[in-house]
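1. Return a 3D structure for these sequence lines:
(one chain, ligands or ions: 1)
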Amino acid sequence: MYNRKILAPLAALALASTSVMAQQSGLKRTNLQQHDISIPGREAVQVRIDFGPGVLAPSHKHPGEEIIYVLEGTLEYQLEGKPAVTLKAGDVLFVPAGIFHSARNIGTTNAAELATYVVEKGKPLVVLQH
Ligand code: MN
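-> Predicted coordinates for the structure are as follows:
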């Protein structure tokens with residue numbers, strides 16, 4: 001009983017801190033799979049990210065590449081130094097390593113993307129710009 005009371009909140013905190021964005025309202029990150037790959041020191045991570053209507057994923061970067069497939073809705077992406085692009089279900093986007101970018105659901109329904117990362121192991125997956 002004692003252990004459960006102490007450990008449950010700690011476990012929840014650990015889970016939340018693995019993804020800064022998981023705590024932001026209207027954004028839901030669902031971890032799907034994570035594996036070592038043939039490149040030493042790197043891993044593949046696959047996440048489904050759901051955005052409520054109007055919700056912004058603020059500017060951030062990753063320690064490797066992000067390969068995006070839009071599952072539903074309409075998302076506007078902004079990569080540093082590039083014009084914004086509007087993508088719909090079935091569209092794809094490649095985000096080079098270390099490039100700051102943001103995404104916003106500009107539609108009136110849920111939007112979702114499948115994000116596949118090829119990143120350095122042992123580093124935070126998401127690093128916010130500020
Ligand atoms: Mn990203």
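
2. Now do the helices in this protein.
-> Remark: helices assigned in the chain by DSSP state H are 2-17.

3. Where does pLDDT dip in this structure?
-> 1-24 (pLDDT under 70).

4. If we go by neighbour counts, what in stretch 69-86 is buried?
-> Neighbour-count burial for stretch 69-86, counted by 16 or more other Cβ atoms under 10 Å, picks out 70, 71, 72, 73, 74, 75, 76, 77, 78, 79. Where you see a C-beta, it was placed from the backbone N, CA and C, and this is true even at glycine.

5. and that stretch, C-alpha only, in PDB?
-> Taking Å, rounded to 0.1, in the frame of the first residue of the first chain, the C-alpha atoms of stretch 69-86 are listed here in PDB:
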ATOM      1  CA  TYR A  69       2.800  11.000 -42.400                       C
ATOM      2  CA  VAL A  70      -0.400  12.900 -41.900                       C
ATOM      3  CA  LEU A  71      -3.200  10.500 -40.800                       C
ATOM      4  CA  GLU A  72      -6.200  12.900 -40.500                       C
ATOM      5  CA  GLY A  73      -7.200  16.500 -40.500                       C
ATOM      6  CA  THR A  74      -5.200  19.600 -41.700                       C
ATOM      7  CA  LEU A  75      -1.900  20.500 -40.300                       C
ATOM      8  CA  GLU A  76       0.200  23.600 -41.000                       C
ATOM      9  CA  TYR A  77       3.900  23.100 -40.500                       C
ATOM     10  CA  GLN A  78       6.600  25.700 -40.300                       C
ATOM     11  CA  LEU A  79      10.200  24.800 -40.600                       C
ATOM     12  CA  GLU A  80      12.800  27.400 -39.700                       C
ATOM     13  CA  GLY A  81      13.800  29.400 -42.800                       C
ATOM     14  CA  LYS A  82      11.100  28.000 -45.000                       C
ATOM     15  CA  PRO A  83       7.500  29.100 -45.900                       C
ATOM     16  CA  ALA A  84       4.700  27.300 -44.000                       C
ATOM     17  CA  VAL A  85       3.100  24.300 -45.700                       C
ATOM     18  CA  THR A  86      -0.400  23.000 -45.300                       C
END
